[in-house]
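Novice: Generate coordinates for the sequence data below:
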Amino acid sequence: MDYRFELPTKMIIGEGCSRQLGENVKLTGVKRVLCVFDKGVEGAGLVAPLIEDMEAAGLKVTPFNGVLPDPPMEVIDQCTALAREIKPDVFVAVGGGSSIDTAKAVNANLSNPGTLRDHAINLNGLKVFPFENPLKPFFALPTTAGTGSEISPSAVVTDHEAKLKVSVMAPDLVPTMALIDPALTVGLPVNVTASTGLDAFAHAMEGLMGGLAIFTPSPMRDSFAFTAIELVLESLLPAMKNGKDIKARTDMSYAAFMSILGAGGGLSMGHCLGHAMGEVCSIHNHGFLCASILPYNIEFMAELIPQKLNKLASLFKIDPAGKSVAEIGAAIKIAIQSFYKDCGIPPLKDMGLKLSDTEEIIRHTTSGTWYLLASKKPSEEELTRWIQSVYEGGNA
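Specialist: Residues are numbered from 1 along each chain as shown. Have a look, this model is predicted:
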């Protein structure tokens with residue numbers, strides 16, 4: 001099977017690059033902008049200067065500040081209604097993955113009414129296809145470093161009625177341009193820095209274990225994943241310790257989008273089980289949920305990735321000499337758990353996980369796309385043990 005690589009998003013990366021927003025949007029020849037964000041980034045003062053910059057470039061900007069975490073379909077519908085009213089020529093998203101994914105979903109809804117749910121349903125049928133009608137230009141300005149939504153072809157939205165987080169995937173959803181300004185992340189609270197940073201860590205780690213990564217290995221894809229992992233291990237704790245450490249913030253911004261490139265072979269049980277726990281228990285901490293499963297995931301998959309395991313061992317400063325593959329996997333599991341302790345991941349029982357929901361969580365997990373695509377699938381008994389372990393704190 002061929003390995004294909006395409007990155008249609010133009011990226012500008014660097015401190016202060018967000019000040020180039022107005023001029024770059026204007027270059028697309030548009031006039032009406034729908035700017036999507038949440039009340040948090042608005043209150044932090046990040047949005048007003050960007051809107052002023054666009055207005056100074058002669059653009060008419062309509063704001064939407066109703067984004068919520070793990071954006072529910074109801075918010076998508078509200079923003080879509082506004083978009084239909086103002087008929088924007090371009091979308092701009094300022095925020096984390098929730099804001100960027102909301103803008104993606106609304107962009108799709110505006111040009112292709114009624115098809116968003118169909119795309120989500122077909123993804124769970126393992127199909128990915130483009131929208132029939134072209135989408136509007138879209139500019140993404142991430143204010144977190146973790147989701148990588150600024151370059152990804154997917155949007156994750158929540159259907160509360162069905163208790164599902166649904167992924168919409170289409171090549172059309174990739175932003176036209178990403179202005180990745182680490183200065184926009186310096187005010188992030190410590191827990192958000194940790195959670196979003198560990199989301200990037202999960203993307204990269206799972207990218208080494210996903211179904212297509214096993215069946216269609218690629219040194220190019222793996223290099224993105226290993227670099228992202230190294231950046232997270234070196235820079236996440238410094239960014240948490242000193243939010244104004246611009247080098248650490250810049251490294252994490254690189255890790256965020258590189259982890260998505262490293263996950264091109266698909267994800268693994270971290271996101272599959274992490275999504276399920278979030279869906280069933282209504283926990284809005286995507287990064288911690290997905291990351292919490294990784295120690296067990298890597299140990300479980302060790303025999304399928306022996307060469308990658310040796311590279312991971314070096315990143316975690318583990319000497320693999322004389323150790324079996326299983327022993328290296330177990331050592332990496334312990335090293336990840338130690339890293340998580342430093343990052344402050346709490347026991348998931350403190351975040352709302354309920355063991356009484358285990359059966360429903362497993363049902364959601366085993367029907368998920370990444371489980372269906374997995375080259376090695378954990379049994380229900382193994383999934384139960386993992387859930388019990390992260391419930392208590394993940395050190396079992």
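
Novice: For Glu392, give me its contacts.
Specialist: When the contact criterion is CB atoms under 8 Å, 6 or more residues apart in numbering, the partners of Glu392 are Pro347, Lys349. Glycine gets a C-beta too; all of them are placed from N, C-alpha and C.

Novice: and what of Leu348?
Specialist: Under the criterion of CB under 8 Å, 6+ apart, the contact partners of Leu348 comprise Met277, Ile283, Phe288, Leu289, Ser292, Val390, Tyr391, Gly394.

Novice: Could you list which of these belong to strands?
Specialist: Secondary structure assignment by DSSP state E places none of the contacts of Leu348 in strands.

Novice: any idea which of those residues is closest to Ser154?
Specialist: Distance from Ser154 was checked for each of those by CB to CB. The minimum falls on Leu289, at 17.5 Å.

Novice: For the closest one, which residues are in contact?
Specialist: Taking CB under 8 Å, 6+ apart as the definition of contact, the neighbours of Leu289 are Gly274, His275, Met277, Gly278, Ile283, Leu348, Met351.

Novice: at 7 Å what do you get?
Specialist: With contact set as CB atoms under 7 Å, 6 or more residues apart in numbering, Leu289 has these partners: Gly274, Met277, Gly278, Ile283.

Novice: Between those residues, which sits nearest Asp53?
Specialist: Using CB to CB, Gly278 comes nearest to Asp53 of the contacts of Leu289, at 35.0 Å.

Novice: any idea of the pLDDT on that closest one?
Specialist: Confidence per residue is given as pLDDT, and for Gly278 that number is 93.

Novice: now it, nearest residue through space, not along the chain?
Specialist: Closest residue in space to Gly278, ignoring its immediate chain neighbours: Leu289 at 5.4 Å, by CB to CB, 6 or more residues apart in numbering.

Novice: Distance check, that neighbour against Pro113.
Specialist: In this structure, Leu289 lies at 32 Å from Pro113, with CB to CB, to the nearest Å as the measure.

Novice: follow-up on the earlier one: could you dump the contacts of Leu289 into JSON lines and include neighbour count?
Specialist: What follows is those, written out as JSON lines (neighbours: other CB atoms under 10 Å):
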{"residue": "Gly274", "neighbour count": "28"}
{"residue": "Met277", "neighbour count": "29"}
{"residue": "Gly278", "neighbour count": "26"}
{"residue": "Ile283", "neighbour count": "18"}
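
Novice: Could you give the average pLDDT over the longest helix anywhere in the chain?
Specialist: The longest helix of the chain (DSSP state H) is helix 219-241. Helix 219-241 comes out with an average pLDDT of 97.

Novice: who touches it?
Specialist: 5, 190, 193-194, 197, 200-201, 204-205, 207-208, 245, 248-249, 251-252, 254-255, 258-259, 261-262, 264-265, 308, 311, 315, 339, 342-343.

Novice: what about 6 Å?
Specialist: Contacts to helix 219-241, defined as CB atoms under 6 Å, 6 or more residues apart in numbering, come from residues 190, 193-194, 197, 200-201, 204, 207-208, 245, 248-249, 251-252, 254-255, 258-259, 261-262, 264-265, 311, 315, 342.

Novice: Weed out the non-buried ones from those.
Specialist: 193-194, 197, 200-201, 204, 207-208, 245, 248-249, 251-252, 254-255, 258-259, 261-262, 264-265, 311, 315 (16 or more other CB atoms under 10 Å).

Novice: pLDDT below threshold where in this structure?
Specialist: By pLDDT under 70, the low-scoring segments of the chain are 1, 3, 115, 119-128, 394-396.

Novice: Domains in it, by residue range?
Specialist: 10-185, 190-392 (automatic domain parsing).

Novice: Now do the last one: distance from first to last residue.
Specialist: The first residue of domain 190-392 is 22 Å away from its last residue (CA to CA, to the nearest Å).

Novice: again with the first one
Specialist: Counting by CA to CA, the length from the leading to the trailing residue of domain 10-185 is 20 Å.

Novice: Likewise for stretch 163-173?
Specialist: Stretch 163-173 end-to-end distance (CA to CA) = 24 Å.

Novice: which helices and strands sit right next to the helix or strand where Val61 lies?
Specialist: When secondary structure is defined by DSSP states H and E, Val61 falls within strand 60-64. Using 3 or more CB pairs under 6 Å, 6 or more residues apart in numbering; DSSP states H and E as the contact test, the elements touching strand 60-64 are strand 32-36, helix 47-56, helix 73-86.

Novice: Now find how far off-centre it is within its chain.
Specialist: The offset between the C-alpha centroid of strand 60-64 and the centroid of the whole chain comes to 26 Å, using CA atoms, centre = their mean, to the nearest Å.

Novice: what does it rub up against?
Specialist: Lys31, Arg32, Val33, Leu34, Cys35, Val36, Ile51, Met54, Glu55, Cys79, Leu82, Ile86.

Novice: CA-only coordinates of it in CSV, if you can.
Specialist: Output in CSV follows, covering the C-alpha atoms of strand 60-64 (Å, rounded to 0.1, in the frame of the first residue of the first chain):
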residue,chain,number,x,y,z
LYS,A,60,-16.5,43.2,8.2
VAL,A,61,-16.2,40.9,11.2
THR,A,62,-19.2,39.2,12.9
PRO,A,63,-18.2,37.5,16.2
PHE,A,64,-19.6,34.3,17.6
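
Novice: Understood, closing this out.
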